[in-house]
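A.B. asks: just coords:
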């Protein structure tokens, strides 16, 4: 019996921001309110909630990718309390807490170092977050792919986007599909990939421009 052929995967190592990506302020609030006031774990448990579909997406990602990590600037006590409350603390290979004010204290350097220490390929890694200055630009600068969760405060940044973390498994499947195609097929317009997107389980999704084809 021949060796099993592993399916083509564009991205095997997924890094997720926490606040604004996995969990969000409860309706009617903004994250700025939380950080301007008393930002204790107890207050965080009252203030934040899981984004719609995030827990299901994380469970799905855990089964479909090789590496799943959180990369966050949130204080460890706050982050640990929220992950425990949401029941997803055990879903991640590593939870990286970043001190933005240290030398090389950005997410791009931490992701790069994580990959290098484990002999993992940077071109198979992707960061997903909501803050361009923190989650997007520093990561892209080091040659690691990054996409944004679509939020009102990042609208002015030209970037690949998903409506929410719930869409990430489907986005990754489209990336796999594109990766398996010949170069001549990949240059086709996004509209020609709509059927593939629907087959990925999103036939009823009405979001405008729900997904882009990764380059």
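C.D. replies: Ah, there it is. Note that the structure is predicted; figures quoted are calculated from it, not measured.
A.B. asks: Could you give the separation between the terminal residues of stretch 90-106?
C.D. replies: 24 Å (CA to CA, to the nearest Å).
A.B. asks: Now for residue 90, how many residues are close by?
C.D. replies: Applying other CB atoms under 10 Å, we find 8 residues neighbouring residue 90. Yep, even glycine has a C-beta here, placed from its N, CA and C like the rest.
A.B. asks: got a list of contacts for the helix or strand containing residue 60?
C.D. replies: Element membership for residue 60, per DSSP states H and E: helix 54-64. Contact with helix 54-64 is made by 14, 16, 22-23, 68, 86-88, 91, 164-169, 172, as judged by CB atoms under 8 Å, 6 or more residues apart in numbering.
A.B. asks: wait, isn't residue 115 in contact with residue 127?
C.D. replies: No - under the criterion of CB atoms under 8 Å, residue 115 makes no contact with residue 127, lying 11.2 Å away.
A.B. asks: In terms of neighbours, single out the busier of those two.
C.D. replies: Neighbours of residue 115 and residue 127, each counted by other CB under 10 Å, are more numerous for residue 127; the result is 26 against 20.
A.B. asks: Give me the secondary structure label for that one.
C.D. replies: Three-state call for residue 127 (DSSP: H, G, I helix; E, B strand; the rest coil): strand.
A.B. asks: contacting residues for the residue nearest in space to the middle of the chain?
C.D. replies: The chain has residue 128 as the residue nearest its centroid, 2.6 Å off, counting by CA atoms, centre = their mean. Counting by CB under 8 Å, 6+ apart, residue 128 makes contact with 14-17, 21, 135, 146-149, 162, 165, 168.
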